[in-house]
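In: Okay, here's the prediction I keep looking at, along with the sequence it came from:
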Amino acid sequence: MLSRFLEDGALWLPFLLFWPVLIMIAAAEMWRPLYVGRKEPKSRIPVNVGFGLINAGIAALLPLSTVLSAAWAADRGIGLLHLVGAPVIAAAAATVAVRSLATYAIHRASHALPLFWRIHRVHHVDTALDLSTGLRNHPLELAIVAPWLAAVTIAFGLDPGTLMVYEAIALPFALWSHANLRLRPGLDCKLRLLLVTPAMHHVHHSARRAETDSNYGDVLSVWDRLFGSYRALDEPALQEIRFGLGDDHDPHAASLAAQMLAPLRR
């Protein structure tokens with residue numbers, strides 16, 4: 001199974017879907033923005049894209065894919081789902097649930113543990129929000145997130161095919177959830193019953209710590225509701241929201257070099 005994923009190019013599916021989704025979300029942001037006329041540093045988008053390119057380069061050089069971990073475990077019959085012989089539909093449902101919960105857990109830990117937060121806060125000091133913020137992650141986050149997701153994948157024996165589809169959705173969702181995009185309130189309310197919407201995730205980027213420490217989900221909203229970390233703001237409140245951290249903006253938030261060194265600063 002592992003060799004099949006390597007040979008048929010299935011691992012490229014998330015990458016191939018990423019670009020058309022990026023173009024569509026960028027067009028939607030221009031057509032129906034939620035925030036208009038806000039001041040922001042001219043260099044913030046190049047910095048965010050710079051982080052995205054660095055992380056893409058690392059991911060291309062290192063075997064960080066959870067799909068590879070799942071295929072490796074499947075070849076050896078390792079993991080809970082393989083041991084119990086879970087039916088296909090049950091294995092697919094469990095894969096989606098476990099994978100999304102694992103992301104929720106590591107995201108919440110990144111806010112709660114001081115060492116993790118020093119790395120993750122680079123994502124949060126962005127002073128505005130649009131799809132480029134979805135690219136803004138310090139490379140050291142890969143050293144935390146990738147081993148954790150690989151370990152969970154192997155321990156539970158997650159289904160490789162289902163996981164490939166989930167990863168293909170999760171990557172564009174990182175752009176979607178950060179997008180400066182206004183949805184009709186009725187549509188937003190319906191979507192967020194199951195999925196993370198931009199308005200829901202924007203609360204997570206508030207400068208107020210009580211709001212920063214909420215809405216940790218990446219694709220599904222169910223875990224925030226289940227574990228009491230769900231927080232909602234109506235559109236007027238969102239229009240007044242201030243992005244970043246604390247009362248003062250980081251003066252180096254729009255400097256790639258400074259942000260690469262940020263985890264070294266307390």
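Out: Here it is on my side, so go on.

In: Show the low-confidence segments of the stretch 1-150 of the chain, by residue range.
Out: 1-16, 63 (pLDDT under 70).

In: which residues of it fall in strands?
Out: Counting by DSSP state E, counting those that start in this stretch, the stretch 1-150 of the chain forms no strands at all.

In: Could you pick out the longest helix of this structure?
Out: helix 88-112 (DSSP state H).

In: list the helices and strands that helix packs on?
Out: helix 80-83, helix 114-124, helix 140-156, helix 160-176, helix 222-226 (3 or more CB pairs under 8 Å, 6 or more residues apart in numbering; DSSP states H and E). Placement of C-beta: from N, CA and C, glycine included.

In: so which of the ones you listed comes closest to residue 235?
Out: helix 160-176 (17.9 Å; CB to CB).

In: How about the closest one, which residues are buried there?
Out: 160-176 (16 or more other CB atoms under 10 Å).

In: Equivalent analysis for stretch 122-139, please.
Out: Per 16+ other CB under 10 Å, stretch 122-139 contains these buried residues: 122-138.

In: With stretch 142-150 instead?
Out: 142, 144, 145, 146, 149, 150.

In: OK, contacts around residue 249?
Out: Applying CB atoms under 8 Å, 6 or more residues apart in numbering to residue 249 gives the contacts 125, 127.

In: switch the cut-off to 10 Å
Out: Residue 249 makes contact with 41, 125, 126, 127, 207, 242, 243, according to CB atoms under 10 Å, 6 or more residues apart in numbering.

In: residues near the closest residue to the first one other than its chain neighbours, how many?
Out: In space, residue 41 comes closest to residue 254 once its chain neighbours are excluded; the distance is 3.8 Å by CB to CB, 6 or more residues apart in numbering. When neighbours are defined as other CB atoms under 10 Å, residue 254 has 22 of them.

In: With residue 231 instead?
Out: For residue 231, using other CB under 10 Å, the count is 16.

In: Would you check that it makes contact with residue 221?
Out: No - contact between residue 231 and residue 221 fails when scored by CB atoms under 10 Å: they sit 11.2 Å apart.

In: check which helix or strand covers residue 190.
Out: helix 185-191 (DSSP states H and E).

In: So what's the residue count around residue 113?
Out: So residue 113, with other CB under 10 Å, has 13 neighbours.

In: Correction: the previous question concerned residue 34.
Out: Residue 34, neighbours per other CB under 10 Å, totals 19.

In: With distance to residue 86 added, can I get the buried residues of stretch 142-150 in JSON lines?
Out: Output for the buried residues of stretch 142-150, formatted as JSON lines (distance: CB to CB, whole Å):
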{"residue": "142", "distance to residue 86": "30"}
{"residue": "144", "distance to residue 86": "29"}
{"residue": "145", "distance to residue 86": "25"}
{"residue": "146", "distance to residue 86": "25"}
{"residue": "149", "distance to residue 86": "20"}
{"residue": "150", "distance to residue 86": "20"}
